[in-house]
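Asker: With the sequence up front, the predicted model follows.
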Amino acid sequence: MTGSSPIDFATIWHWLLAYGLALSRPTAMLAVNPVFTRAQITGLIRGCVATALALPMVPVVVETLPSDGVSLISLMILGGKEAAIGAALGLLLGIPFWALAVAGDVLDAQRGATQGRLNDPAGFEDVSVSGTMLIIASIAVFVATGGLITLAQLLYASWAIWQPLGAFPNLDARMPLLLLHLLDSVTRQGLILALPPVIAMLLADAALLVTARIAPQLRIDDLALVLRNITFFLVLPLYALFLIGDIRHSFTILPDMLELLRQAALPEASP
């Protein structure tokens, strides 16, 4: 039509490339984050959330992206780097939830409920009933206490450390130790979280043994599992108070874990 300005496809393509690069990191972070995977949030909703997180970074990437564009190989390498950093952030954010899964496995093993495991479509594995309950409860606490804001803050802090078009992180010798520390933290925290109900169930077993000494005709083998499960459900309300406090504490130390990752994976200096 006469008087209309032509469409600048080069500018549109430039912005689309910037959008794709900015989207890689939050998409990978949400793909491994239990808040979105265990809650069965669909890919469309995850994509919308990732887009909302990436949009503020799109103008920054547009300014730093070469005007003449980048090659396909360079674009794939940059996208892979962004996805790797996003997956690392998702793993950091998932540590408190996986610790709860470990606690649920310990609790179900102690109360003899290992046969009642559930199929997790998100993880393609069986999960314990108690672990599923604890993770769903922790997701509710995470969202209700502003955890999504913490998630966004960690993401933008990572962009300040590792820029979208910056060099690859330089992994030093502390990275293997950091990974082992994270695995140890998940196991140790899971055992600590499971300790109060386990102690209560052990005391119930001790009381049952004393009862068996007084009344030998009782079959304690038939009563042990029932008493453990009754004890578990009786201490569950008090255990929830302890659990909420520990979950909140775990979420407050996530920025410190990002600082540890920054020290072990500093960006390489540009040549």
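Answerer: Okay, I see it. Numbering: from 1, shown residues only.
Asker: Spell out the residue ranges of the helices in the chain.
Answerer: 9-32, 34-37, 43-54, 58-64, 72-110, 129-144, 147-161, 174-214, 220-252, 254-264 (DSSP state H).
Asker: and of the ones you listed, who's closest to F168?
Answerer: Ranking the helices of the chain by proximity to F168 (CB to CB) places helix 72-110 first, at 5.8 Å. Bear in mind the C-beta positions are built from the backbone N, C-alpha and C, glycine included.
Asker: which of the residues in that closest one are buried?
Answerer: Neighbour-count burial for helix 72-110 flags 78-79, 81-108, 110 (criterion: 16 or more other CB atoms under 10 Å).
Asker: just stretch 62-69 next, same as before
Answerer: 62, 65.
Asker: Run a quick neighbour tally on A204.
Answerer: 21 (other CB atoms under 10 Å).
Asker: For it, list the residues it contacts.
Answerer: 227-228, 230-231 (CB atoms under 8 Å, 6 or more residues apart in numbering).
Asker: Please identify the buried residues of stretch 181-196?
Answerer: 182, 185-186, 189-190, 193-194.
Asker: May I have it as PDB, with CA atoms only?
Answerer: What follows is stretch 181-196, C-alpha atoms only, in PDB (Å, rounded to 0.1, in the frame of the first residue of the first chain):
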ATOM      1  CA  HIS A 181      29.200 -31.400  48.600                       C
ATOM      2  CA  LEU A 182      25.800 -30.900  47.000                       C
ATOM      3  CA  LEU A 183      25.100 -34.700  46.900                       C
ATOM      4  CA  ASP A 184      26.300 -35.000  50.500                       C
ATOM      5  CA  SER A 185      24.000 -32.100  51.500                       C
ATOM      6  CA  VAL A 186      21.000 -33.700  49.900                       C
ATOM      7  CA  THR A 187      21.600 -37.000  51.800                       C
ATOM      8  CA  ARG A 188      22.500 -35.400  55.100                       C
ATOM      9  CA  GLN A 189      19.500 -33.000  55.000                       C
ATOM     10  CA  GLY A 190      17.200 -35.800  54.100                       C
ATOM     11  CA  LEU A 191      18.300 -37.900  57.000                       C
ATOM     12  CA  ILE A 192      18.000 -35.000  59.400                       C
ATOM     13  CA  LEU A 193      14.500 -34.200  58.200                       C
ATOM     14  CA  ALA A 194      13.400 -37.900  58.700                       C
ATOM     15  CA  LEU A 195      15.000 -38.100  62.200                       C
ATOM     16  CA  PRO A 196      12.000 -36.800  64.400                       C
END
